[in-house]
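# got a structure for you, letters missing:
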């Protein structure tokens, strides 16, 4: 009985941990929309970065160790996982006035 309970619990935890949180993030002339996003600690995150400007952008974050060039009118996916609680800044490396923050709780 204990073995079955433990197996069921592990299966449940595994299925919860396998879920992916998708966050849409658009880049416009004035900056990221939304400029502040949130996610739970440890979540698998799929950032859908949509470039709505007339020029390429580069989604970059030193804290997240990610960078991705997105051509005008295109989308790029940035995957993140296992983040600890805290704030993680991101920006457009081609126009550093465009900045945002991912808050992990």
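Here it is on my side, so go on. Model, not experiment: these values are computed from the prediction. Residues are numbered from 1 along each chain as shown.
# can we go C-alpha only for contacts and neighbour counts from here?
OK.
# Give me the most central residue, this protein.
Centroid-nearest residue in the chain: residue 47, 3.9 Å away (criterion: Cα atoms, centre = their mean).
# Let me know the secondary structure of that residue.
Of the three states, residue 47 takes strand according to DSSP: H, G, I helix; E, B strand; the rest coil.
# which residues does it contact?
22, 23, 24, 25, 77, 78, 79, 80 (Cα atoms under 8 Å, 6 or more residues apart in numbering).
# quick one, what contacts the closest residue to residue 36 other than its chain neighbours?
Closest residue to residue 36 apart from its sequence neighbours, by Cα to Cα, 6 or more residues apart in numbering: residue 101 at 4.9 Å. Listed by Cα under 8 Å, 6+ apart, the contact set of residue 101 reads 35, 36, 37, 87, 88, 89, 90.
# can you list those residues in TSV and add neighbour count, distance to residue 69 and secondary structure?
Listed next are these as TSV, based on neighbours: other Cα atoms under 10 Å; distance: Cα to Cα, whole Å; DSSP: H, G, I helix; E, B strand; the rest coil:
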residue	neighbour count	distance to residue 69	secondary structure
35	17	18	coil
36	15	20	strand
37	16	20	strand
87	16	22	strand
88	16	19	strand
89	16	17	strand
90	24	13	strand
